[in-house]
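J.: Sharing a model prediction with you, sequence too.
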Amino acid sequence: MRSNKFGMKTSIMSHLLTRFLILSIILFISGCPAGQESNPTGFADRTQQFEKTSPLSSNTRGNRDDKLINRFKKFDQNGDGIISREELNRPRLFQRLDQNGDGSITLEEAKSHIQYKRSAGRNQRFDQNNDDSIMPEEAISYRNNRRQLAYNSINTETDIATDAATAWTPSRVTDARAYSRNNNARHFSASDSAFAQYPNIRYAEIPGVDPNLLSLDIYAPKTGQNHPIMIMVHGGGWQRGDKANANVVANKARYFTGMGYIFISMNYRLSPVFKHPTPVQDVARAIAWTDSNIGRYGGNAEHLYLMGHSAGAHLAALVATDQRYLQAAGKNLQLLKGVILLDGAGYDIPRLMREHNQPNIYVSAFSNDERIWKDASPITHIAAGKNIPPFLIFYTPRPRAQMLSENLRESLLRAGVTVRSKMINKSHKQINQEIGNPNDEATQIITDFLKNNST
């Protein structure tokens with residue numbers, strides 16, 4: 001009996017050992033260590049595989065250093081390891097590179113300057129509220145913005161027909177959602193069944209321009225007709241942002257459609273590729289398209305309101321005070337029944353540029369020409385008798401935003417325009433993101449503003 005048990009154990013161990021050996025041979029041939037997926041390139045190519053997946057930052061950094069050293073040596077004509085003012089022969093560049101002011105440039109100073117420029121470029125892209133600091137949320141938002149642009153560029157539809165007599169019914173896309181990898185972002189899904197969604201509708205066609213930059217998203221109540229309209233212009237320093245970002249639309253779409261409004265979020269062309277007046281011209285085009293076409297979505301263009309955040313607030317204020325842009329699109333200022341500004345700051349650009357150290361985003365969007373700064377400033381165009389619509393101006397506890405917002409309010413009052421301003425004790429991001437929350441102070445003020453200006 002004991003021998004039978006012993007023989008049975010020996011047989012089992014032998015079977016397991018055989019299976020282990022077979023598995024080891026298979027893994028050896030495939031070139032895959034235990035616990036790693038097999039590699040079709042085989043064992044001989046394993047080191048090559050690891051080289052492909054290993055970090056490349058050190059190699060890239062080495063190549064950059066080599067190039068910098070070679071350029072440094074070209075200017076260091078006498079080979080003494082430093083570059084003199086005469087050797088560089090570029091006074092302004094020499095002043096920037098000579099960090100310790102000793103009259104010569106070392107290789108370390110040149111490296112430091114290059115690293116600073118690269119760092120400044122990254123900071124400018126990531127610092128979305130221009131407070132000279134980068135929060136993790138801003139880096140995530142920048143990443144999602146780039147992905148959103150890529151996603152929308154292949155999901156943009158054409159709908160620029162203006163013939164209202166044409167029998168046409170828009171397809172309802174109730175499960176369309178904003179693209180984002182941010183798990184904290186609030187997405188739309190089929191559960192948001194109270195309103196219909198029509199994403200990526202083109203309001204203009206311009207050869208050579210990315211269709212996504214000339215498109216808008218429509219969120220409409222599923223029933224009824226003659227709905228008032230709210231158009232939203234996103235922020236982002238005139239150089240980034242997207243109409244489908246969660247902080248632009250998530251709460252707002254639910255709030256406005258719940259009130260019986262059609263909510264529209266629009267894109268526009270961005271700097272530095274497109275400078276003033278291109279973005280505000282696009283806003284005017286989107287307003288004109290909405291006026292001509294929104295009836296097909298159940299909207300009433302006689303009740304059209306405009307809202308913008310940050311750079312979008314500047315564009316909303318500009319299109320509502322400088323009549324030229326809507327006139328060029330075949331419309332006029334009487335089309336707008338009200339304007340809501342969320343923490344903008346570009347209302348008086350010359351004053352900003354004179355009195356404050358402004359980031360490069362202003363130069364990127366408006367150049368270095370003071371005449372353009374003046375032309376791009378809403379406060380320049382405020383005058384009585386122009387049919388400028390009522391304004392509701394919000395700002396956060398940022399000194400520049402408060403100063404410029406109150407100056408805008410005073411200018412509008414002098415011109416006889418109905419206007420109210422209000423400081424909201426929130427961050428630049430929060431005031432935008434939380435519009436639409438039931439207990440939000442700014443949301444309640446907006447509700448009253450719309451009721452008072454609905455006739």
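T.: Noted; the coordinates are in hand. Numbering: from 1, shown residues only.
J.: Could you verify my assumption that residue 429 touches residue 248?
T.: No: in this structure, residue 429 is not within contact of residue 248 by C-beta atoms under 8 Å, at 11.2 Å. Where you see a C-beta, it was placed from the backbone N, CA and C, and this is true even at glycine.
J.: Not counting its neighbours along the chain, what's nearest residue 356?
T.: Distance criterion C-beta to C-beta, 6 or more residues apart in numbering; nearest residue to residue 356, sequence neighbours excluded, is residue 400 at 6.1 Å.
J.: quick check, the one you found in a helix?
T.: Yes: assessed by DSSP: H, G, I helix; E, B strand; the rest coil, residue 400 belongs to a helix.
J.: between residue 429 and residue 248, who's got more neighbours?
T.: Between residue 429 and residue 248, counting by other C-beta atoms under 10 Å, residue 248 is the more crowded of the two (26 against 20).
J.: And that one, how far from residue 214?
T.: Plainly put, residue 248 is 17 Å away from residue 214 if you go by C-beta to C-beta, to the nearest Å.
J.: low-scoring stretches of this structure, by residue?
T.: Within the chain, the ranges that satisfy pLDDT under 70 run 1-62, 117-193, 357-359, 455.
J.: Look through it and tell me its longest strand.
T.: Ranked by residue count and defined by DSSP state E, the top strand of the chain is strand 299-309.
J.: Just give the strands next to that strand in its sheet, each with its orientation.
T.: strand 227-233 (parallel), strand 336-342 (parallel) (DSSP bridges).
J.: can you map out the strands along the stretch 251-400 of the chain?
T.: With DSSP state E, counting those that start in this stretch as the criterion, the stretch 251-400 of the chain has strands at 262-266, 299-309, 336-342, 391-395.
J.: Which helix or strand contains residue 116?
T.: Assigned by DSSP states H and E, residue 116 belongs to helix 107-126.
J.: For stretch 252-259, buried residues please.
T.: 252-257, 259 (16 or more other C-beta atoms under 10 Å).
J.: Distance to residue 360 added to those residues, as CSV?
T.: Output for the buried residues of stretch 252-259, formatted as CSV (distance: C-beta to C-beta, whole Å):
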residue, distance to residue 360
252, 30
253, 33
254, 36
255, 35
256, 35
257, 38
259, 39
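J.: Narrow the residues you listed to those in helices?
T.: If you go by DSSP state H, the buried residues of stretch 252-259 have 252-257 in helices.
J.: Pipe the residues you listed into CSV and attach distance to residue 314 per row.
T.: As requested, these are exported to CSV (distance: C-beta to C-beta, whole Å):
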residue, distance to residue 314
252, 19
253, 23
254, 26
255, 23
256, 22
257, 26
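J.: which one of those residues sits closest to residue 268?
T.: Among these, residue 252 lies closest to residue 268 (C-beta to C-beta), at 17.5 Å.
J.: Quick one: neighbours of the residue nearest to the closest one when sequence neighbours are not counted, just the number.
T.: Excluding the flanking residues, the one nearest residue 252 by C-beta to C-beta, 6+ apart is residue 436, at 4.7 Å. Neighbours of residue 436 under the rule other C-beta under 10 Å: 20.
J.: quick one: residue 436 and residue 249 touch, right?
T.: No: with contact defined as C-beta under 8 Å, residue 436 does not count as touching residue 249 (9.3 Å).
J.: Would you mind measuring from the residue lying closest to residue 389 once chain neighbours are set aside to residue 229?
T.: Spatial nearest neighbour of residue 389, chain neighbours left out: residue 336 (4.3 Å); criterion: C-beta to C-beta, 6+ apart. Separation of residue 336 from residue 229 (C-beta to C-beta): 10 Å.
J.: Need the residues touching each of those two.
T.: Contact with both residue 336 and residue 229 is made by residues 304-305, according to C-beta atoms under 8 Å, 6 or more residues apart in numbering.
J.: rewinding a little: ok, the residue nearest to residue 252 - contacts?
T.: Taking C-beta under 8 Å, 6+ apart, we find residue 436 in contact with 250-256, 443.
J.: can you put the residues you listed in CSV and add distance to residue 114?
T.: What follows is those, written out as CSV (distance: C-beta to C-beta, whole Å):
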residue, distance to residue 114
250, 41
251, 43
252, 43
253, 45
254, 48
255, 48
256, 48
443, 47
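J.: now, among those residues, which is nearest to residue 361?
T.: Nearest member of these to residue 361, counting by C-beta to C-beta, is residue 252, at 24.2 Å.
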